[in-house]
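K.L.:
my questions are about this predicted structure, shown below with the sequence.
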Amino acid sequence: MKLLFEKSVPNRRGVVPGPSDVRTTININDDLLRDESAALPELSELDVIRHFTELSRRNFGVDTNFYPLGSCTMKYNPKVAERIATYPGFAHLHPLLPQLRMGGMLTQGALAILYDMDMLLREITGMAGFTMQPMAGAHGELTGMMIMAAYHRDKGNKKTIILAPDSAHGTNPASAAIAGYRVVSVPSDADGVMDLDALKSELNDEVAGIMLTCPNTLGLFNPHIREICDLIHGVDGLAYYDGANLNAIVGKARPGDFGFDIVHLNAHKTLATPHGGGGPGAGPVGVAEKLVPFLPVSIVVKRDDGTYALEYNRPKSIGYVAPFYGNFGIILRAYVYVLMLGRKGLARVAENAVLNANYIRKKLAGHYKPAVDTVCKHECVFSTTEKMAANGVRALDIAKTLIDRGFHPPTIYFPTIVKEAMMIEPTETESKETLDAFIDAMIEIAALAEKDPDQLKAAPVTTPVSRPNETAAAKMLNIASL
Amino acid sequence: MPFIPHTPQQQQEMLDAIGLTMDGLFADIPAKLMHKSFDLPDGLSEQQVRNRLADLAGKNSVDLTLFLGGGFYDHFIPSAVYSIISRSEFYTAYTPYQPELSQGTLQAIYEYQSAICRLTDMEVSNASLYDGGTAMYEAMMMALRITGRNKVIIDDSVNPIYRVMIHSYTQNLQIDLEETHCKNGLANRAQIRDRLDDKTAAIIVQNPNFFGCIDDFTDLAEAAHKKGALLVVSCYPISLGILKTPGSMGADIVTGEGQSLGMPMSFGGPYLGYMAARKQHVRRMPGRVVGETTDREGRRAFVLTLQAREQHIRRDKATSNICSNEALCALTALVYLSLLGKEGLKETAQRCADKASYAYKRLTAIPGVKPHFKAKWFFNEFVLDLPCEAADVIATLIERGFAAGFPLSRYYKGMENSMLICVTEKRTKQEIGMLAEALESVL
């Protein structure tokens, strides 16, 4: 398909800005002006609409296809939340207004939402206070690591190490490293959860804390989670809960009750805000009581007269991780979702997410090799069978064949501790009919993998392009049309 | 229950197939860790939630005439922008890890990267970062990696909101962050040259700067390069419709806040951090990058490339921890730039500057109101000194329906009487006239 720039026609106009109603014209020294106009495309409005509409048809989204990407929680994104985010009272609100004298009174509606969301998330997670500033999950992790560092600095602790399981998302070690820590990986045991003895052998006074998902990336709930948190606290470390997999337990159990000190949530996972093709997300971070003083500024507080205000005077705060109050438009959508589900609805989320994952796990068990053979939570992990492997069939081939059957593939090659991993997270919003159709396709592909592996190697054939040459992409490195 | 499709019968069928009860599915969680009673409200219907949120939206003052900028701007957004980004094939998609079914997102990101390069006169761009502040922080970290040095010089004409963010991010790191104090409204050359040495990784400046003043950093790029340091420039993208590009000044990394390119102000986000750089530094750049290649039939195809820099491959050795970025906001910026096109962006930038110039004349004609800086050139913001405290005047003008500007005392000592005024293409001659009258009447 042609690029926008290749469709450009000299002197064609799209949206034309209104005429100037002032007679003054700028008088800026020529030396400070650009020599030539930026080489942006010259297209009509319809040209632009057609171009992007055509591009949109070259995409799978949750609204078009089942999207069982493990650890990504690609659930349905309620349309009402999209609509509410466009209300002028939210969309047109300037973020600097509250910094004007008495300006907080100009934004009471927005501050009320941030405050109320703080309260709701405290109850959902069992934490004592939240910041809405982090703009994605990984940003929440970095914020959490900064809070951890500030806590240890405040206590005079000299801590240098963050522990993370070998099954952790890559963002965990990356976030810890960027915050200035050395990362030590802790292996999983035969049951697929963190090895307690291995953890004990890594514990010492240098350990600042641990980062964990629970359930983990194999979809397993670690029965020793409370003990792990206690062990970490034993060396004055802090336990960080990566909320990427919270969908499995939301409305049923709370990381705060497990002993975690810091928690981030992915609004674009558990709280149903759209992923946007790679963001924007939101990664609110909650902390236990002893860490509340370290939360970023500002914090929304409710005054005795019922009005809301931003509090900046927090001497132990880590400062600002976002320019203002985080991705407000995303927090707003998540708020709408939580309000609609309520207490009962949130519990149903976890129940049905777990039901769907186990249904798939059970149905596919005879056809693929399960990573573990126990009840899972929100996702289940399989590998290729030995016979598939002998035929040269890889997880990648199964994924690409699923595309031809109209399904977005599961997450593949993750967690890295499982060879040829296929990580399936159906979420609670999918119907039994969809799950059955997916299961049928997976079973059919398993049979093909043994009988006709070449068909799998050729897939996909129904998409606008077949498998792209990724090596050539990195070698040629054409990353901009100039 | 909203958004859950199973009927009770289907649920039972599925439980039977698994061979467990619903409680059995959660039996792996120790009973003492289950939370028995959540203190959460009952769920609301769509009608109830819309009513409640409409009520809350009504408690926000969005009817003020805005002369408030400070890096976050009230620009006109064409209807077609919203029409495109509302397509759920875009907004309900995940990160394009499976290229065959993500060509829409991938090509759009490639085109976005191209548009950012063309706008800034740079060679490479990433797929986006969270916002202008985190983009500046990432640029600083990138400069540290490239040079292997640990000193950074930042002028205080850079947006103070970003400077406090950078200060926060570097608390736990061994970085020597030195601030210079702008002179006559422009980055302080003497102080920067004085501090620039062979330990310096980068000089960070902004154009137009926080005060709206226009600068040319060609001299700073030369000075930085002589010492083996990099020049990082933060730019307001609308201004690049007419202003000299950071690329032509010799900048090594360019970042900025992309909100002005079609995104509503939305009380602080979601916004768009953009980053562009010289090609030689691409492997040290954070964030996703899309590249062009071909498929098995030789057709043009797009893929995520250079992934070996990223956290999901490199883990603790990655160039950044960023995973989700602001893809839909990058698409927004691309659609905005495509709709306005070459001429439209230039005209928009000109309208902003023309109207700001008119407002400057009107407001400086008021007795007692004077320009703060000697710097001659500004884009669409400028600083005025009032005969009294600016914060008071701004508070009074809110009652008259104006967000008249930003009181600089919030971030700068000795600027109690100074206010930063912003004029976008949306403001009319009449609104500017009314502001002038209102300001004169309250002084």
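P.N.:
Looks like it came in fine.

K.L.:
B:Asp392 contacts A:Arg101, correct?
P.N.:
Yes. With contact defined as C-beta atoms under 8 Å, B:Asp392 reaches A:Arg101; the gap is 7.1 Å. The C-beta positions use only the backbone N, C-alpha and C, and glycine is treated the same way.

K.L.:
so what's A:His224 up against?
P.N.:
A:Val193, A:Met194, A:Leu196 (C-beta atoms under 8 Å, 6 or more residues apart in numbering or on different chains).

K.L.:
which of the residues you listed are buried?
P.N.:
A:Val193, A:Met194 (16 or more other C-beta atoms under 10 Å in any protein chain shown).

K.L.:
pull the residues that contact the helix or strand of chain B with the lowest mean pLDDT.
P.N.:
Within chain B, no helix or strand scores below helix B:311-314, which has a mean of 84 by mean pLDDT, DSSP states H and E. Contacts with helix B:311-314, where a contact means C-beta under 8 Å, 6+ apart, come from A:138, A:169-171, A:173-174, A:414, B:307-308, B:318, B:320-323.

K.L.:
just the buried positions in the helix or strand just after that helix, please.
P.N.:
Note on helix B:311-314: by DSSP states H and E, the next helix or strand toward the C-terminus is helix B:327-364. Using 16+ other C-beta under 10 Å as the test for burial, helix B:327-364 gives B:327-360, B:362-363.

K.L.:
output the contacting helices and strands for the helix or strand A:Ile232 falls within.
P.N.:
Element membership for A:Ile232 (DSSP H and E) is helix A:225-234. Identification of packing neighbours for helix A:225-234 by 3 or more C-beta pairs under 8 Å, 6 or more residues apart in numbering or on different chains; DSSP states H and E yields helix A:196-202, strand A:207-213, strand A:238-243, helix A:255-258.

K.L.:
now the second one and helix A:225-234, what's the angle there?
P.N.:
This points to strand A:207-213. Relative orientation of strand A:207-213 versus helix A:225-234 (axes from the mean of the first three to the mean of the last three C-alpha atoms, to 10 degrees): 160 degrees.

K.L.:
strand A:207-213 pairs with which strands?
P.N.:
strand A:161-165 (parallel), strand A:238-243 (parallel) (DSSP bridges).

K.L.:
could you list every helix and strand in contact with the biggest strand by length in chain B?
P.N.:
Secondary structure of chain B per DSSP state E: the longest strand is strand B:200-207. In terms of contacts (3+ C-beta pairs under 8 Å, 6+ apart), strand B:200-207 is packed against helix B:132-147, strand B:151-155, helix B:218-226, strand B:230-235.

K.L.:
do I have it right that A:Lys419 meets A:Val381?
P.N.:
No. With contact defined as C-beta under 8 Å, A:Lys419 does not count as touching A:Val381 (10.9 Å).

K.L.:
mind checking which of these two has more residues around it?
P.N.:
Taking other C-beta atoms under 10 Å in any protein chain shown, A:Lys419 and A:Val381 do not tie; A:Val381 has more neighbours (29 against 13).

K.L.:
PyMOL command for the buried members of the contacts of helix B:311-314?
P.N.:
Buried residues within the contacts of helix B:311-314, by 16+ other C-beta under 10 Å, are selected in PyMOL with:
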select buried, (chain A and resi 138+169+170+171+173+174+414) or (chain B and resi 307+318+320+321+322+323)
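
K.L.:
would a markdown table of the contacts of helix B:311-314 with pLDDT and distance to B:Leu33 be doable?
P.N.:
Listed next are the contacts of helix B:311-314 as a markdown table, based on pLDDT from 0 to 100; distance: C-beta to C-beta, whole Å:
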| residue | pLDDT | distance to B:Leu33 |
| --- | --- | --- |
| A:Ala138 | 96 | 27 |
| A:His169 | 87 | 23 |
| A:Gly170 | 89 | 28 |
| A:Thr171 | 92 | 25 |
| A:Pro173 | 93 | 27 |
| A:Ala174 | 93 | 29 |
| A:Phe414 | 90 | 27 |
| B:Gln307 | 90 | 37 |
| B:Ala308 | 86 | 39 |
| B:Ala318 | 87 | 33 |
| B:Ser320 | 89 | 35 |
| B:Asn321 | 90 | 29 |
| B:Ile322 | 89 | 33 |
| B:Cys323 | 90 | 28 |
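
K.L.:
nearest to A:Ala357 among the contacts of helix B:311-314?
P.N.:
Closest approach to A:Ala357 among those (C-beta to C-beta): A:Phe414, at 16.0 Å.

K.L.:
list the contacts for that closest one?
P.N.:
By C-beta under 8 Å, 6+ apart, the contact list for A:Phe414 reads A:Gly70, A:Ser71, A:Thr217, A:Ala421, A:Met423, B:His312.

K.L.:
just these: which are in strands?
P.N.:
Using DSSP E, these in strands are A:Met423.

K.L.:
TSV for the contacts of A:Phe414, including neighbour count and distance to B:Asp23?
P.N.:
Below are the contacts of A:Phe414 laid out as TSV (neighbours: other C-beta atoms under 10 Å in any protein chain shown; distance: C-beta to C-beta, whole Å):
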residue	neighbour count	distance to B:Asp23
A:Gly70	27	25
A:Ser71	23	25
A:Thr217	29	25
A:Ala421	22	29
A:Met423	25	26
B:His312	17	36
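
K.L.:
which of the contacts of A:Phe414 lies closest to A:Arg303?
P.N.:
The closest of these, once distances to A:Arg303 are taken by C-beta to C-beta, is A:Ser71, at 40.7 Å.

K.L.:
doesn't A:His264 fall inside a strand?
P.N.:
Yes. The assignment for A:His264 (DSSP: H, G, I helix; E, B strand; the rest coil) places it in a strand.

K.L.:
ok, what's across the strand from it?
P.N.:
A:Asp242, A:Val285.

K.L.:
quick one: closest of the helices and strands packed on strand B:200-207 to chain A.
P.N.:
helix B:132-147 (5.0 Å; C-beta to the nearest C-beta).

K.L.:
what are the structural domain limits within chain B?
P.N.:
Using automatic domain parsing, the domain parsing of chain B gives B:9-50, B:65-75+B:342-442, B:79-335.

K.L.:
likewise for chain A?
P.N.:
A:1-13+A:37-55, A:81-340, A:348-470.

K.L.:
format the ones you listed as TSV; extra columns: distance to B:Met285.
P.N.:
Listed next are the domains of chain A as TSV, based on distance: least, C-beta to C-beta, whole Å:
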stretch	distance to B:Met285
domain A:1-13+A:37-55	21
domain A:81-340	15
domain A:348-470	18
